[in-house]
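> Have a look; sequence and predicted model below, questions after that.
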Amino acid sequence: MGPRHLLTNVWVVDAASPWYDQRVDVRYDGAAVLEVGPAGTLSPEGPTTDGNGEGLTTGFVDLGAECPEPGNPHRGTLAEFALEAYLGGFADVLVEPQTSPALDTPEAVAYLKAAAAAYPVRLHPLGALTAHLGGELLAEVARLQAAGALALGDGRLPTLKTGLLERALHYTTPLDLPVFQPLALQRTWPAGVAHESPTTVALGLPTSPAGQEADALARAVAALNYAGGRLHVGPVTTADALAALKAAQQAGFALTAHTSPLYLMLTDAELASFDARYHLCPPLRSQADAVALAQAFADGTFVGIATHHTPVCTEEKVADFSAARPGGPVLHAAFAALNTVVVGSGLLTLPELVQRLTAPARQLLGLPTPVFEVGYTGPLFRLSTTEAYVPYRPKPVYAHADPFGELALVGRVTPLRPFTQP
């Protein structure tokens with residue numbers, strides 16, 4: 001439907017495609033892929049674009065992003081959230097439950113799915129594990145799954161009561177639902193706003209011990225050992241927690257994990273500026289932690305990434321470092337950050353990076369694998385690994401909140417079709 005476009009000389013980087021690792025020409029319209037052939041074999045017909053050998057993918061998976069709607073229009077809209085994900089190359093996004101109202105009822109889950117259905121990005125609810133995200137009573141887990149929740153968790157709030165986490169694992173085992181658990185020991189903003197290190201102590205910032213993350217992982221593994229089930233933790237941000245994760249996986253626990261591009265690219269050295277864009281939760285870690293995380297991402301320890309995207313308004317971010325809301329927009333810059341760290345350094349090739357961002361996460365969530373071939377109707381994205389990244393600035397707050405905004409990143413995502421909305 002609509003005009004027919006020809007994209008020449010693109011490199012298929014999705015391993016599920018029969019055209020994987022080949023240079024091809026692609027003819028498509030607004031609805032589907034119409035023809036695919038080896039590069040140089042399709043004759044021009046309508047608008048033609050030279051792909052310059054760039055990557056072609058059906059899109060990435062984000063294992064955790066906060067959506068401003070419903071309930072927080074001062075931070076943005078559902079359409080703005082979906083657009084930023086689409087421009088960042090994401091085809092599937094797991095939406096965290098800390099909306100207002102929370103995604104703790106079948107009605108709330110169904111509402112989000114229905115509201116997002118018209119967008120080209122597939123938004124999947126992470127159903128709340130506890131009622132009202134309160135950490136006290138389990139939500140109606142089976143009904144949430146029936147309404148469309150692909151996993152359960154309280155977003156960035158940990159389940160601190162060991163018995164409650166064990167009960168959740170028991171209840172979700174027959175449902176084959178993963179339980180998401182962040183690696184934190186508190187359900188409120190910590191008093192420490194920075195990682196405890198010589199750098200942050202010298203700056204005089206309130207700090208929290210990095211060892212808390214490994215402690216939280218140990219508690220989660222103990223619950224898994226007792227109850228069984230499927231437990232997913234993250235973001236993992238420290239080398240100590242990473243070592244504990246690998247030990248648990250090697251011991252045979254059904255434990256999966258993710259990290260975030262934020263902690264592969266940024267370190268506590270950024271805090272010397274006292275710029276609130278670097279106030280994150282978990283806080284930024286050391287250079288040694290970042291190196292260890294990048295290597296673990298490359299070797300497949302993680303099943304994917306969560307962007308940890310956090311919508312904010314100007315009043316929440318134009319503030320003193322400690323008072324600012326933790327987090328910022330990440331969806332648009334995530335590919336460029338990962339490309340800079342792992343492809344630019346030689347840790348991964350582009351097809352390997354795309355694999356890390358797709359197949360394991362889809363398996364975790366039970367999502368179907370899109371296959372690029374004639375007749376494919378989903379999103380398509382071109383990936384450049386050599387072009388300089390241009391920061392996304394849809395509104396003024398991004399100049400103050402974008403954690404990657406001051407860095408020279410390399411990598412660009414270009415959707416083949418325009419973003420559509422109701």
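Great, that's in hand. Residues are numbered from 1 along each chain as shown.
> Make sure residue 8 is indeed in a helix.
No. In this structure, residue 8 is strand, not part of a helix, as judged by DSSP: H, G, I helix; E, B strand; the rest coil.
> Residue 49 is in contact with that one, correct?
Yes. If you go by Cβ atoms under 8 Å, residue 8 and residue 49 touch, sitting 7.1 Å apart. (C-beta placed from N, C-alpha, C; glycine too.)
> And the two? Which one has more around it.
Using other Cβ atoms under 10 Å, the more surrounded residue of residue 8 and residue 49 is residue 8, with 21 against 15.
> what are the ranges of the strands in the stretch 301-422 of the chain?
381-388, 410-415 (DSSP state E, counting those that start in this stretch).
> what's residue 136 sitting at in phi/psi?
Main-chain dihedrals, residue 136, degrees, to the nearest 10: phi -120, psi -50.
> CSV for the strands of the stretch 301-422 of the chain, including mean neighbour count?
Rendered in CSV, the data for the strands of the stretch 301-422 of the chain read as follows (neighbours: other Cβ atoms under 10 Å):
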stretch, mean neighbour count
strand 381-388, 18
strand 410-415, 19
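> Switch those over to CSV; also include distance to residue 349.
Shown next, in CSV, are these (distance: least, Cβ to Cβ, whole Å):
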stretch, distance to residue 349
strand 381-388, 9
strand 410-415, 14
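> what about the helices in the stretch 251-400 of the chain?
261-265, 287-299, 314-317, 334-338, 350-356, 359-365, 398-401 (DSSP state H, counting those that start in this stretch).
> likewise the stretch 51-200 of the chain?
Under DSSP H, counting those that start in this stretch, the stretch 51-200 of the chain gives helices at 78-87, 106-116, 141-147, 162-172, 198-203.
> buried sites along the second one?
So that's helix 106-116. 106, 108, 109, 110, 111, 112, 113, 115, 116 (16 or more other Cβ atoms under 10 Å).
> Repeat that for the shortest one.
Within helix 198-203, the residues that qualify as buried by neighbour count (16+ other Cβ under 10 Å) are 199, 200, 203.
> if we look at it, which residues are touching it?
Helix 198-203 is contacted by residues 194, 207, 268, 269, 271, 272, 274, 286 when judged by Cβ atoms under 8 Å, 6 or more residues apart in numbering.
> 7 Å instead, please
With contact meaning Cβ atoms under 7 Å, 6 or more residues apart in numbering, helix 198-203 is reached by 194, 207, 268, 269, 271, 272.
> Filter those down to the buried ones.
194, 207, 268, 271.
> would you turn the residues you listed into JSON lines with distance to residue 145 and pLDDT?
Putting the buried ones among the contacts of helix 198-203 into JSON lines (distance: Cβ to Cβ, whole Å; pLDDT from 0 to 100) gives the following:
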{"residue": "194", "distance to residue 145": "38", "pLDDT": "87"}
{"residue": "207", "distance to residue 145": "40", "pLDDT": "85"}
{"residue": "268", "distance to residue 145": "39", "pLDDT": "93"}
{"residue": "271", "distance to residue 145": "41", "pLDDT": "93"}
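> ok, back up a step: looking at the helices of the stretch 251-400 of the chain, which is nearest to residue 101?
helix 314-317 (20.4 Å; Cβ to Cβ).
> Put the alpha carbons of the closest one into PDB.
Listed next in PDB are the C-alpha coordinates belonging to helix 314-317 (Å, rounded to 0.1, in the frame of the first residue of the first chain):
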ATOM      1  CA  THR A 314      12.000  20.300  33.200                       C
ATOM      2  CA  GLU A 315      11.200  21.000  36.900                       C
ATOM      3  CA  GLU A 316      12.300  17.500  37.900                       C
ATOM      4  CA  LYS A 317      15.700  17.700  36.200                       C
END
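> Ok, which of the helices of the stretch 251-400 of the chain comes nearest residue 59?
Per Cβ to Cβ, nearest to residue 59 of the helices of the stretch 251-400 of the chain: helix 350-356, 9.3 Å.
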